[in-house]
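> Sequence plus predicted model, see below.
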Amino acid sequence: MKTGNSIKFAALLALAGSAHAMAGSGFTGFSYDVDVYADGFGGDWYTVDVYADFTDDSWAVLNVFNADITTNDGGGFHHNDLADASGGSWKPSFSFDIAGIYDPNRDSYVTIGYGVGAAAALNQTALDPGFGPGSGGYIPENAGWFNLTPGDPQYASGGSLKVAHFVMSVDRTGLDFMTFTADLGYNTGPGSEVNFGADSQIIAIPAPGALALLGLGGLAVRRRRN
């Protein structure tokens with residue numbers, strides 16, 4: 001017989017697969033990977049990577065905007081970057097990998113492809129004015145981010161391009177899911193027509209033990225279209 005928790009978990013997984021994409025040609029919607037990361041210092045963290053998915057690799061992401069990103073418990077996201085003293089930054093260019101101090105795996109950031117860690121200083125993702133100072137654990141409603149150098153297009157690879165990385169403590173009680181809703185601008189490179197799409201995902205956050213069991217079975221909690 002199912003327990004209340006198992007019923008709730010099953011319902012969350014069903015919700016996670018029920019989002020509908022409203023996408024233009026090329027963009028098929030957002031997808032995600034959920035995992036638990038052990039930082040090597042006794043801490044465990046939920047990590048959620050969000051991707052923009054496309055029909056092929058000819059498409060480049062220009063910007064993500066009109067974002068509405070929340071957790072069901074109303075809590076924020078964890079930062080571990082160069083701006084820790086001011087509450088952490090959503091800029092991926094602050095997400096360096098410095099042993100014993102900063103770790104991109106447990107830093108929340110937004111991005112338009114590019115990279116972090118050793119590649120952080122070269123990351124050309126910028127925050128739009130709706131982000132305000134761009135610090136703290138929450139993304140303001142309707143905020144967005146964009147490729148500051150569209151002449152260096154960030155194309156999909158394997159049909160996907162990473163647009164965000166979220167980190168939450170596994171010690172949070174009552175955390176069951178987060179939502180990711182946003183619009184997307186994209187084209188096929190400099191000078192080409194700009195297309196727009198939108199999608200909304202409900203991302204289930206299972207208990208660490210359940211996630212480990214799924215991982216052992218080769219069924220990581222994810223919704224990837226490619």
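The structure has been received and is ready for your questions.

> now I139, what's its secondary structure?
Classification of I139 using DSSP: H, G, I helix; E, B strand; the rest coil returns coil.

> which residues sit in contact with it?
By CB atoms under 8 Å, 6 or more residues apart in numbering, I139 lies in contact with 67, 69, 77, 90, 110, 131. C-beta here means a position set from N, CA and C on the backbone, and glycine is covered the same way.

> Now the two most distant members of these.
Pairwise distances across the contacts of I139 (CB to CB) peak at 13.6 Å, for the pair F77 and F131.

> more neighbours, these two?
Comparing F77 with F131 by other CB atoms under 10 Å, the one with more neighbours is F77, at 24 against 20.

> so which helix or strand takes in that one?
Here F77, judged by DSSP states H and E, is contained in no helix and no strand.

> Next, the contact list for the residue nearest to it when sequence neighbours are not counted, please.
Of all residues beyond its chain neighbours, the one nearest F77 is S108 (4.0 Å), with distances taken as CB to CB, 6 or more residues apart in numbering. Contact analysis of S108 by CB under 8 Å, 6+ apart lists 77-79, 88, 90, 137, 165-167.

> okay, and for the chain, where does confidence drop off?
Scanning the chain for pLDDT under 70 picks out the ranges 1-24, 209-226.

> Neighbour-wise, which one of the contacts of S108 leads?
Neighbour counts for the contacts of S108 (other CB under 10 Å) peak at W90, which has 29 neighbours.

> how far away is that residue from H165?
Distance of W90 to H165, computed by CB to CB, to the nearest Å: 10 Å.
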